[in-house]
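Novice: Here is a sequence together with a model predicted from it:
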Amino acid sequence: MSNESNQDLVVGLDAGGTRTRAVLASAATGRTLGEAAAGPGNALTVPLPQLTGHLAEAIGRAVSERDRGRVVAVVGGFAGAASGPPAAGSSAAGSADPSEFSGSPDLPGFSDRDPGRLNALAALAEALRRLGVAPRTVGVSSDIEAAFASAPGTPADGLALVAGTGAAATRISDRRCTVSVDGDGWLLGDEGSGFWIGRGAVRAALRMADGRGDPTTLARSVGLALGLPADLLEGAEGVEGVFETHESRQTHEVHETYETDGGAVEGAGGAGALRRHGTGRGAAGVAHWSRARREAFRTRLLPTVMAQPPVALARLAPLVAEAARRKDPVATAILREAVDHLTLAVRALDPRPGERIVVTGGLLGPDGPLAAPLTERLEGLGLTVDRVADGCRGAVALARLGHGSPSQAAGTS
């Protein structure tokens, strides 16, 4: 670091639903000089005091006190925030005054009034003030814009898809989101996300327990993950064997009936599959799990889930992936439907053959459970797929561009 000890520095942030990551880099070369992580950074769902604290923690750990005076630009990619042009001058680091930002050319000031963006600006400004960091430019982008900019060459135009705790697809033009699909949060959307898959696991467990759904190992794994007493699960562990019986195969084939706008269809292969319906014939697979234990399971599971933040269900998504690897048909159907939802989101962007799509998020990483099937679907649409780990590298590149290093931003490493 000695040869860069007097050079300007930039900070890039990737603030998502699970964690906030900060990267310190050289403004001239983009070389990473420090990094750290802290708690969740969703600008809509994390209360402002906690959001501020998480940002201050991540930046403070990544940037030593002796380096803070050399930080010239900070850009954060925030889940739950709309984008806008970077703020200039020290006042931007100390306030979140929306009058400093011009907003969309079609809807002047629109992004400036976005609640998530205002929260992100306010929290970031306060975090920088606490740390004594006074950059010349401070920018807030959406997490998906930062992820898109993380692709090789820091692209300006194309498509992006995020599937982590939440899920969203966007069209990016001139490094700004111009069209978005989903990303509507756990209550109204995020279909195909980690939350959506985790919720599906709990729903499958509840449906198995009350007799509406088919047998699945998810009942036992979800119960154990949520700390339910092991004695409530006696008998539930025996359901794995019924997957290979003729009766269970018939039950599962009937179970996979979906409703679309055009009526009921069999299977989960179509991108329009929206709701899965049980047949009530799954009881044959729970003969060794007594009705009393199943009722107690439901009674304990519901308050345990309700006591946690809804997005905490995302941590159950790996249970579904593991069950699918073990050929659990219910888990397999959940993952297949997740791919359907994500594909439908991309199709809604009217993709053109040959366009680039940048994908990111834990579900789409190299070992992610949706990576292979979704890549096959996207390539089937004629798209070129680039995979990035997160938005930190893109946030650094955007900070360097904002600082005036456009010819060098593509070299961020």
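Specialist: Cool, the structure landed. Numbers count the residues shown, from 1 in each chain.

Novice: Please count neighbours and contacts with C-alpha atoms only from this point.
Specialist: Will do.

Novice: before we move on, what SS does residue 28 have?
Specialist: Following DSSP: H, G, I helix; E, B strand; the rest coil, we place residue 28 in the coil state.

Novice: Got phi/psi on residue 197?
Specialist: Main-chain torsions, residue 197, degrees, to the nearest 10: phi -70, psi -40.

Novice: So what does residue 173 look like in phi/psi?
Specialist: phi -130, psi 130.

Novice: All the helices of the stretch 1-150 of the chain, residue numbers only.
Specialist: Along the stretch 1-150 of the chain, the stretches classed as helices by DSSP state H, counting those that start in this stretch are 48-62, 90-94, 115-131, 143-149.

Novice: For residue 8, the count of nearby residues, please.
Specialist: Number of residues near residue 8 (other Cα atoms under 10 Å) recorded here: 17.

Novice: my guess is it contacts residue 29, does it?
Specialist: No. The pair residue 8 / residue 29 is not scored as a contact, 10.1 Å apart, by Cα atoms under 8 Å.

Novice: what ranges of the protein fall below the confidence cut-off?
Specialist: Scanning the chain for pLDDT under 70 picks out 1-5, 83-112, 237-287, 405-413.

Novice: picking up where we left off before, take the helices of the stretch 1-150 of the chain and write them to JSON lines, including mean neighbour count and distance to residue 171.
Specialist: Output for those, formatted as JSON lines (neighbours: other Cα atoms under 10 Å; distance: least, Cα to Cα, whole Å):
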{"stretch": "helix 48-62", "mean neighbour count": "22", "distance to residue 171": "27"}
{"stretch": "helix 90-94", "mean neighbour count": "21", "distance to residue 171": "28"}
{"stretch": "helix 115-131", "mean neighbour count": "23", "distance to residue 171": "19"}
{"stretch": "helix 143-149", "mean neighbour count": "32", "distance to residue 171": "9"}
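
Novice: how about these in CSV, adding distance to residue 327?
Specialist: Shown next, in CSV, are these (distance: least, Cα to Cα, whole Å):
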stretch, distance to residue 327
helix 48-62, 40
helix 90-94, 52
helix 115-131, 40
helix 143-149, 33
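
Novice: Determine the longest helix present in the protein.
Specialist: helix 329-347 (DSSP state H).

Novice: How about the contacts made by the closest residue to residue 297 other than its chain neighbours?
Specialist: Leaving aside its sequence neighbours, residue 297 sits nearest to residue 232 (Cα to Cα, 6 or more residues apart in numbering; 6.0 Å). Counting by Cα atoms under 8 Å, 6 or more residues apart in numbering, residue 232 touches 293-294, 296-297.

Novice: Go through those residues and name the one nearest residue 224.
Specialist: residue 297 (10.9 Å; Cα to Cα).
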